[in-house]
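# quick one, structure for this:
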Amino acid sequence: MIGNLIIVSSPSGGGKGTLIREILQTTPDIMFSVSYTTRAMRGGEQDGREYFFVDVPKFKELIAAGEFLEYAEVHGNLYGTSLSQVKKLTESGKDVLLEVDVQGAKNMLEKVPDAVSIFILPPSFATLETRLRMRATESSGDLQVRLRNSFQEVREFNKFRFVVVNDDLETAVEEMRTIIRAERHRTNRQDAAICGILDGFDAAMHRFEKEFD
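Residues are numbered from 1 along each chain as shown. Model (predicted):
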């Protein structure tokens, strides 16, 4: 069975990274696909955990090699999703979580329209601004760019299948778990199990007909 591709997106500061970490710690059979970026590594980050951090020439080499399912320039940096990593994980039957900026998510949904897409919406601009300022990982100029971009990004919510308002962390995590559980029980995700059950009913029907003919 092929795993679900789950795209999680939000404006910068929307809290998608925190929610994804909670989901990965508490939800079985789900993996995180690490993306590539040219932005500088933040304090506390590790190469290969949050992102693969590369320079622009290396990123362009990866583009030329067809390594990306999608890539985009966001806030002055390049971000790309590894095609080979996503394919490997989903073909192993694992659901795969992708943390993708809004522009990248839109590009990806054009290529993979049946992906499970979740938009994380901050409850207010004031909350978004507070979160960005408190994490203190951007310069003043970068902060202003991210805040300015958020005005348009929040209006892209209707491009996604689901929206989670990230006002309370525990509530938002449970809403994401509910979405993932529901997607796992879609009819087209249950083909193998259903076929096995129906085969059992077919065998029982033949025995039943022979017994009462």
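# doesn't Arg131 make contact with Glu138?
No: contact between Glu138 and Arg131 fails when scored by C-beta atoms under 8 Å: they sit 11.6 Å apart. In short, each C-beta sits where N, CA and C put it, glycine included.
# neighbour count: those two, which is higher?
Glu138 (20 against 16; other C-beta atoms under 10 Å).
# roughly how far apart are the more buried one and Asp202?
Per C-beta to C-beta, to the nearest Å, Glu138 is found 61 Å from Asp202.
# and what of Glu175?
Counting by C-beta to C-beta - Glu175 and Asp202 are separated by 39 Å.
# next: Glu156.
Distance, Glu156 to Asp202, using C-beta to C-beta: 47 Å.
# those two: who's more crowded?
For Glu156 versus Asp202, neighbours defined as other C-beta under 10 Å are more numerous around Glu156 (16 against 10).
# leaving out sequence neighbours, find the closest residue to Arg146.
Distances taken as C-beta to C-beta, 6 or more residues apart in numbering put Ser12 closest to Arg146, at 4.2 Å, once the chain neighbours are dropped.
# residue ranges with poor pLDDT in the chain?
1, 213 (pLDDT under 70).
# how about the strands of it, start to end?
Ranges of strands in the chain, per DSSP state E, are 5-9, 30-32, 35-37, 51-53, 68-74, 77-82, 95-99, 116-121, 162-165.
# how much space separates the residue lying closest to Met41 once chain neighbours are set aside from Gln152?
Using C-beta to C-beta, 6+ apart and skipping the chain neighbours, the partner closest in space to Met41 is Phe53 (5.1 Å). Distance, Phe53 to Gln152, using C-beta to C-beta: 27 Å.
# now do the contacts for the closest residue to Val112 other than its chain neighbours.
Closest residue in space to Val112, ignoring its immediate chain neighbours: Leu5 at 6.0 Å, by C-beta to C-beta, 6+ apart. Counting by C-beta atoms under 8 Å, 6 or more residues apart in numbering, Leu5 makes contact with 86, 90, 95-96, 98, 112, 115-116.
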